[in-house]
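**Q** sharing a model that was predicted from the sequence below.
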Amino acid sequence: MSPGCVHAGERQCPAEAGRTLFDHADRLDLRVPTSCDRRGTCHECVVEIRQGHEALAEMTTAEGFLRSPYRLACQAVVENPDVDVEFAPISRRPQILTASAPVDGVLDLDPFVTRVDGKVRYDGTVIDDARGRVLGVAADVGTTTVVLELVDLETGATLDASAFENPQRFGGSDVMHRISYDGGEGHGELHKAVIGAANRALARMCRAAGVDRLEIYEMVVVGNPTMRELFFGLDVQSIGQRPYKSMVEHEFLAGQRESTGIVELAHRLRLLLHPQARVVGGPLIGSHVGADAAADLLATAMDPDAEPTMLVDVGTNTEVVVAARGRLVAASCPAGPAFEGGLIRYGMPGCEGAIEALWLEDGAWRHRTIGDVPPVGICGSGLIDFLAEARRGGLMAPKGIFAGKAREITVAPEQGITCSREDVSQLAQAKAANYCGQLIVMRHCGIRPSDLARLYLAGGFANYINARNAVEIGFLAPAAEERIVKTGNASLAGARQMLLSRRRRVAVEALARRVEHIELETTPDFFELFVDGCQFQPMPSDFAI
């Protein structure tokens, strides 16, 4: 990089003293969100400073809710134009994984919102004169990524979809950090950030589909308990303390609520839908296992009375559910963001330019990127490939030590993209959490991997991984490869079912109540299993049960 430049990805322009990063973004033709005319009040233009903090003026009062390396683009003024500055908008658009089809056949349309005699009714109550189409939105709010789907409630057709990085990243890369952040001076900012990003995505989808936002009468939101509660602007502090339950779950267990599902009016959340639109939060299962896992169960139609099945919804918080021997048992695995690009030097989500596949050929690394463009980083599927190929090629020992005690391995020489020992250490801990969750839940149900009739992989990241590589490094249980089924975005599919079917919405409530939740850390040999899981080798298939 030449000195005295401001960089955003491959774009660059000369640094100019006295100008904000937003001004430089204009020159780079880079769109940064704002709705306050750059006065620092909307807090939508958060950017990550990747290099050159020292070139910028001190944080302003308007940036008091942020911590390094994040700034507001409209407030971060270049003070020293002789130093390079590199920044990135906090929200990139990952590739969209569309929702999977229902496993158990065609969905009968029976939404809560209907058109009757020229009136739009919600559960029979008139809320509007019919003005055009009758629409709804399914939303999967993940710790790292948010996906929205615009649906015609009268035909069941998907009109458009949108995916973006969760803009709450400035509050931390995992749920515990976000809980801590929301309990401090930045209280309310995480809610504000995700609602603002959702509104921008909704506006884009409405423009693309040629519809009016006032035609959207319901939105179903699923996510882990922390993400769901932050979306609804609820207090999340109790989720960060034993027994790790949201206030909604506490109230339900105390008999103060009939359900862990929640309903709010769109205008009270400042969502730009019809003012009387209902925003529905899917039911929670327990502790850190939330509405996204419940939606997964709905989408995959897991049956505890049929052959044993396991669902693994991979993410910053991985959910594992086993259906076997008349039981549904679930656990949450605090995997962290490593396999979604966080804490990895060249890590990134599955956006354009991410290396999504890596392999060794004649001793040299080869790769494939999303969008077939020059690589700018590595996403989770590429990281799994790197670990498996490095083990097979003798470049890395099971404990993650590189051959010749090297500190890093270069996988894309022209771009200088590497994987380091520090990266591998982060990946080992994330992998160990997934390993423990699967092994402990299977053992709790009295089954082994060979007993599984199906191993469902849910979520955007899981859809793109090489299953054989994932099994070889112990990221997935060693189920027979032909029994591993990638379900797509099952959480979004389940939310869509809740949106379109009253029967399915009732069914998911019953499913959520039936699931037994276990805390992995209370397992007597958890730490021994975690240490074993940190090694890059297959999970034993004959463990004691």
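**A** Cool, the structure landed. No experiment lies behind these values; they were computed from the predicted model shown.
**Q** residue 488 against residue 462, yeah?
**A** No - under the criterion of C-beta atoms under 8 Å, residue 488 lies out of contact with residue 462, with a separation of 9.2 Å. For glycine as for every other residue, the C-beta is placed from the backbone atoms N, C-alpha and C.
**Q** who's more crowded, the two?
**A** The residue with more neighbours, out of residue 488 and residue 462, is residue 462; 28 against 19, by other C-beta atoms under 10 Å.
**Q** wait, is that one part of a helix?
**A** Yes - secondary structure of residue 462, determined by DSSP: H, G, I helix; E, B strand; the rest coil: located in a helix.
**Q** would you map the strands across the stretch 51-200 of the chain?
**A** Secondary structure of the stretch 51-200 of the chain (DSSP state E, counting those that start in this stretch): strands at 70-72, 85-89, 113-116, 119-122, 125-129, 135-141, 145-152, 158-165.
**Q** output the below-cut-off pLDDT ranges for the stretch 201-350 of the chain.
**A** Applying pLDDT under 70 to the stretch 201-350 of the chain flags no residue at all.
**Q** so residue 469 makes contact with residue 388?
**A** Yes - between residue 469 and residue 388 there is a contact under C-beta under 8 Å: 3.6 Å.
**Q** residue nearest the centroid of this protein?
**A** The chain has residue 142 as the residue nearest its centroid, 3.2 Å off, counting by C-alpha atoms, centre = their mean.
**Q** that one: what's it in contact with?
**A** Contacts for residue 142 were tallied using C-beta atoms under 8 Å, 6 or more residues apart in numbering; they are 166, 223, 224, 227, 292, 315, 316, 459, 491.
**Q** hmm, 10 Å instead?
**A** 163, 165-166, 222-224, 227, 292, 313, 315-317, 340, 459-461, 489, 491-492 (C-beta atoms under 10 Å, 6 or more residues apart in numbering).
**Q** in helices only, show me the residues you listed.
**A** Restricting the contacts of residue 142 to those inside helices, with DSSP state H as the criterion, leaves 227, 292, 460, 461, 491, 492.
**Q** of those residues, buried ones?
**A** Burial by neighbour count, judged by 16 or more other C-beta atoms under 10 Å, picks out 227, 292, 460, 461, 491, 492 from the ones in helices among the contacts of residue 142.
**Q** for residue 299, see how far away the last one is.
**A** Right, the one you point to is residue 492. 8 Å (C-beta to C-beta, to the nearest Å).
**Q** can you classify residue 427 by secondary structure?
**A** helix.
**Q** sorry, wrong one. I was asking about residue 529.
**A** The local conformation at residue 529, judged by three-state DSSP, is helix.
**Q** burial of it, as a residue count?
**A** With neighbours defined by other C-beta under 10 Å, the count for residue 529 comes to 21.
**Q** need the pLDDT of it.
**A** Residue-level confidence at residue 529 comes out at 96, pLDDT.
**Q** and the gap between it and residue 535?
**A** With distances defined as C-beta to C-beta, the gap from residue 529 to residue 535 amounts to 11 Å.
**Q** what touches both of those two?
**A** With contacts defined as C-beta under 10 Å, 6+ apart, the residues shared by residue 529 and residue 535 are 432, 435.
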